[in-house]
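Trainee: The sequence isn't on hand, but the structure is:
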C-alpha cells in the first residue's frame, strides 16, 4: 500500500512538473506524466487540473494551506457503480437469501418476499423504509468485528450480475486517478456516503487508498457491552443516522469539522453537500458524475430508482459546476 | 504551526536517536534530546518510551504499521484542567450570566438559579441532566459558525478563577510533549472528549496541534437549512450523542473505525475506552492521569463531582495500566 502510494505520488508530482514545464515535451512524455490518463482531454479534465493548480500554487491569491484541502466524494455511482441497485443493497439481498431458512415468515412479508421472488421493482417500490428494514435485518445483531468479516467474505466471492466481476473491481479508474492526484497535491480525500460506514470501510483503504477514519457514512446504533469480562460493540437493529441529502453537510461538519473545498457526487443525494461546499469562501470545486454510457456502464439520471440525478443537475448547469459526461470524458471506466 | 511541528518532530527524532545511541552521551546532550523533558524519570515515563520503542521498531515482533498507530486522549483533566468545574461548563455559566437579562425566569428556575447565585454545589447536584439543560440553553439556537465565534471570543478573554490565566493556557505541558512525541513516532493523535466537539475544535489545532477532524466529542442535533438561498447548519437544543463512558468506544468505532493502541484518560468516564483499547491484539498502552497535586494543580479522585476516578483506578492498579502521579511524575504542569 505504502509503496503504491509513494509511486502514485511520485508519478503525479512528475506529472505536475511536466505540466508546469514548457510545451516542447514530446507526446510520449506528456502521456507518461499525465496525472489523469483515463480522462479524455476536455472541459471536465481541464476544470479539475486548473482548480488544483489555483489552490496549490504558493503565493497565488487562491492558495489554500494543505490542512484545509478537504475533498469529499460520494461513493455509490461516484467512485463505484450503483446499478442495477446499490451494491450494499445487493449484499443485503444476498444476506436475506442466506438467512431465509431461519425466517419462514419472509416468504409472505414485504420487502423480504420481493427479494426471495427476485422482484427488484417491488423492492425499489418499498422505498427508503423498505430498504432500511432489509438493512436492519441483515446488518444488525452481531458485533462490529463479526459484521466486517461477513462483508469481507461477501466482497471476496460475490459477482456483479452483468459484469461478472467482484463489486470492488467496478470502481471508476478515472476517479481512482483523481483521488491519487488530489492526495499527491496535498488534499485529504474523504468518502461521504449514504452507504453504511462499516460496510464501506471494509474495502475503502485497499480499493481507494482511503483509510477508515476518512470514511463518513450512514450508521446504525451500536452499543458497548462487557460480556464475560470482554468488551464488545454490538450492532443494534436501529437506525442512527442517514448520511444522505441534508445529512451529508451535517455529517461533514460532525466528522470532519471543516468545509470541503472540493466535492464530487452524482445524484440528488449529493446536492446539499455540493451547495455547502460551494458556499465557502475562496476557490471551490463542485463536480457531478453523469451516467451517460449505457454501453460501457449505465445511462440514467432523472428517472432512476437508484442514484436519481435531477435537481442537482439543474443546479450544476445553472451554476457552472463541473458535470462529467461519462461517455465523453472517460477514456476507460473500470480498471 | 507547521514550523513548530517540524521543529518538534526534529527534536523528538533526534531524541530517539540519542536514546538509541550508547550511554556515553553527556547529561547536557541527554537533557536536550529527551522527548519528554517535563516528565520526571520514573516508571510512568519509562512505560511510555518503552511502549513507543516496542511498536515502532521495524522488524520487532510488536511492530505496528504507522496507519494503525491510533492514540486517543480524553481532554478534560487529561490534556487540560477540569477544576473547579469542566471549562466548558464554566463557559456555559458565563453564557447564562450574559443571556440572563433576556430570561427573567432563570432567577427562580434550577439549574439557572444555582448559576446566578454562584452556587456550584447546587449546580453539581443537578447532575448530568442539569448540565445538559445548561448546555442546550447556551450552545444551541445559532449556526455552527456563530457558535464557534462565541467560543473563540470567550476563550480569548475569560480567565480561570484560581490561576488567573486563559483556560487554553491551563493545558498540561507533559501531555503536549507526549502528543508531539507520539506524532513524531508516526502516531495519529485524537481527542475523544465528553466535551462538545465544536467547543473543543475551536482551540485543539492551535493548542494541541490536533486538527478538527481528529477531535471526537459530544454532539447536539444540527440541521441543514437553505435560508434565502444560503446553506446553513443550525444547532438545535437537542442532544445527539454523549461521548462519555460507554459512548467513547462507540464513538471511536464510528469516527475512527480503528481500535486505538494507546489511550489516555483520567476518570471513570474513560474506563470503557481503556477497556476497549486494552482488549485489542498486540502491544497496548493504557494510561491514567491521577490528580495528586493540590499545590500546583488539584488533588482529587474517588469523591470528585468533576472527573471522578474510582473504578478505572482500581482496574488500572489490577491490570498494571500506567497511572501518572501528577505530583511525582510531572516536573512542570502548565507551559
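Mentor: Received, thanks. Bear in mind the structure is a predicted one, so any value in this text is a computation, not a measurement.
Trainee: Tell me which residues touch residue A:290, please.
Mentor: Residue A:290 is in contact with A:266, A:301, A:309, A:313, A:323-326, counting by C-beta atoms under 8 Å, 6 or more residues apart in numbering or on different chains. C-beta coordinates here come from the backbone N, C-alpha and C atoms, glycine included.
Trainee: whoops, residue A:131 was the one
Mentor: By C-beta under 8 Å, 6+ apart, the residues touching residue A:131 are A:89, A:92, A:111, A:123.
Trainee: Please name every helix or strand in contact with the strand or helix carrying residue A:189.
Mentor: Here residue A:189 sits within strand A:188-196, counting by DSSP states H and E. On a contact count with 3 or more C-beta pairs under 8 Å, 6 or more residues apart in numbering or on different chains; DSSP states H and E, strand A:188-196 meets strand A:70-73, helix A:173-184, helix A:197-208, strand A:215-227, helix A:247-251.
Trainee: The third one close to chain B?
Mentor: Yes. Part of helix A:197-208 sits near chain B under the criterion C-beta under 8 Å from any C-beta of the partner chain, namely A:197-198, A:201, A:205.
Trainee: how about those residues in JSON lines, adding neighbour count and pLDDT?
Mentor: Formatted as JSON lines, the residues of helix A:197-208 next to chain B follow (neighbours: other C-beta atoms under 10 Å in any protein chain shown; pLDDT from 0 to 100):
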{"residue": "A:197", "neighbour count": "26", "pLDDT": "98"}
{"residue": "A:198", "neighbour count": "25", "pLDDT": "98"}
{"residue": "A:201", "neighbour count": "21", "pLDDT": "98"}
{"residue": "A:205", "neighbour count": "17", "pLDDT": "98"}
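Trainee: Residue B:75: which of the residues you listed is nearest?
Mentor: Lowest distance from residue B:75 to the residues of helix A:197-208 next to chain B (C-beta to C-beta) belongs to residue A:197, with 23.8 Å.
Trainee: tell me the contacts of the residue lying closest to residue A:91 once chain neighbours are set aside?
Mentor: Spatial nearest neighbour of residue A:91, excluding adjacent residues (C-beta to C-beta, 6 or more residues apart in numbering or on different chains): residue A:154 at 5.5 Å. By C-beta under 8 Å, 6+ apart, the contact set of residue A:154 is A:91, A:94-95.
Trainee: Residue A:120: what's it in contact with?
Mentor: A:84-85, A:114.
Trainee: Tell me the span between the first and last residue of stretch A:65-75.
Mentor: For stretch A:65-75, the first-to-last residue distance is 26 Å (C-alpha to C-alpha, to the nearest Å).
Trainee: buried set for that stretch?
Mentor: Neighbour counts over stretch A:65-75 (16 or more other C-beta atoms under 10 Å in any protein chain shown) mark A:68-75 as buried.
Trainee: check which helix or strand covers residue A:264.
Mentor: Residue A:264 belongs to strand A:262-265 when assigned by DSSP H and E.
Trainee: The contacts of residue A:290 in helices, which ones?
Mentor: Using DSSP state H, the subset of the contacts of residue A:290 located in helices is A:313, A:326.
Trainee: Can you lay out the contacts of residue A:290 as a markdown table showing distance to chain B and pLDDT?
Mentor: Listed next are the contacts of residue A:290 as a markdown table, based on distance: C-beta to the nearest C-beta, whole Å; pLDDT from 0 to 100:
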| residue | distance to chain B | pLDDT |
| --- | --- | --- |
| A:266 | 19 | 98 |
| A:301 | 22 | 98 |
| A:309 | 19 | 98 |
| A:313 | 18 | 98 |
| A:323 | 20 | 98 |
| A:324 | 23 | 98 |
| A:325 | 26 | 98 |
| A:326 | 27 | 98 |
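Trainee: Now the buried members of the contacts of residue A:290.
Mentor: The neighbour count (16+ other C-beta under 10 Å) marks A:266, A:301, A:309, A:313, A:323-326 as buried among the contacts of residue A:290.
Trainee: Pick the one among those residues closest to residue B:243.
Mentor: Comparing the buried ones among the contacts of residue A:290 against residue B:243 with C-beta to C-beta places residue A:266 closest, at 32.8 Å.
Trainee: Would you agree the closest one is in contact with residue A:286?
Mentor: No. Under the criterion of C-beta atoms under 8 Å, residue A:266 is not in contact with residue A:286, lying 12.0 Å apart.
Trainee: I'd like the distance from stretch A:128-144 to the chain centre, please.
Mentor: Computed by C-alpha atoms, centre = their mean, to the nearest Å, the chain-centroid distance of stretch A:128-144 equals 20 Å.
Trainee: What residues of it count as buried?
Mentor: Quick answer for stretch A:128-144 (16+ other C-beta under 10 Å): A:130-140, A:144.
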